[in-house]
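Below: sequence and its predicted model.
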Amino acid sequence: MLRWSGTLDIDDRLKRREPPASVGQEWVSPKVLLDRTPQTHTVVEVRAHDEPALLFRITKALVAADAVVTGAKIDTLGSEVVDAFFITDRFGSPLGDDHADAVRTTVQASLEAR
């Protein structure tokens, strides 16, 4: 009988996966865009080539940057993703400029660290 211990090291499991076979596609550089115009949240939009664990890496980066995800719209268009995350600071407010820039930098770094 298999028992669940309540923990799973997702990073380790993903590192042990074999990378997908290359199909000769040209990779487009991933982009992280910020929209600070809404008054209730900040929007982080990610455009990238879809790959295993991409959503995990993005959400892990958002948490690492001390952002609270209040909603998300996840779209996969063929082999590309256009994901939007509606985030706030831990007090429920839109991010300030410095915090938003830190989030963008952290998410961008997570996309480039394959």
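Arrived safely. Residues are numbered from 1 along each chain as shown.

how far away is the residue positioned nearest the centre of the chain from residue 47?
The chain has residue 58 as the residue nearest its centroid, 1.5 Å off, counting by Cα atoms, centre = their mean. Distance of residue 58 to residue 47, computed by Cβ to Cβ, to the nearest Å: 11 Å. For the C-beta atoms, the positions are set from N, CA and C on the backbone; glycine is no exception.

now the strands: where do they sit in this structure?
Along the chain, counting by DSSP state E, strands occupy 31-35, 42-49, 68-77, 80-88.

Look up how far residue 112 lies from the closest residue to residue 111 other than its chain neighbours.
Spatial nearest neighbour of residue 111, excluding adjacent residues (Cβ to Cβ, 6 or more residues apart in numbering): residue 30 at 3.9 Å. Counting by Cβ to Cβ, the gap from residue 30 to residue 112 is 7 Å.

Between these two, tell me which one has more neighbours.
Neighbour comparison, residue 30 and residue 112: the larger count goes to residue 30, with 20 against 10 (by other Cβ atoms under 10 Å).

hang on, isn't that one packed against residue 104?
No - when contacts are counted by Cβ atoms under 8 Å, residue 30 is not listed as touching residue 104 (11.6 Å).

Does anything pack onto the longest helix along the chain? Which helices or strands?
Longest helix in the chain by number of residues (criterion: DSSP state H): helix 97-112. Contacts defined by 3 or more Cβ pairs under 8 Å, 6 or more residues apart in numbering; DSSP states H and E place helix 97-112 against strand 31-35, strand 42-49, helix 54-64.

Could you identify which of those is most buried?
Between the helices and strands packed on helix 97-112, the one whose residues have the most neighbours on average, counting mean count of other Cβ atoms under 10 Å, is strand 42-49 (a mean of 20).
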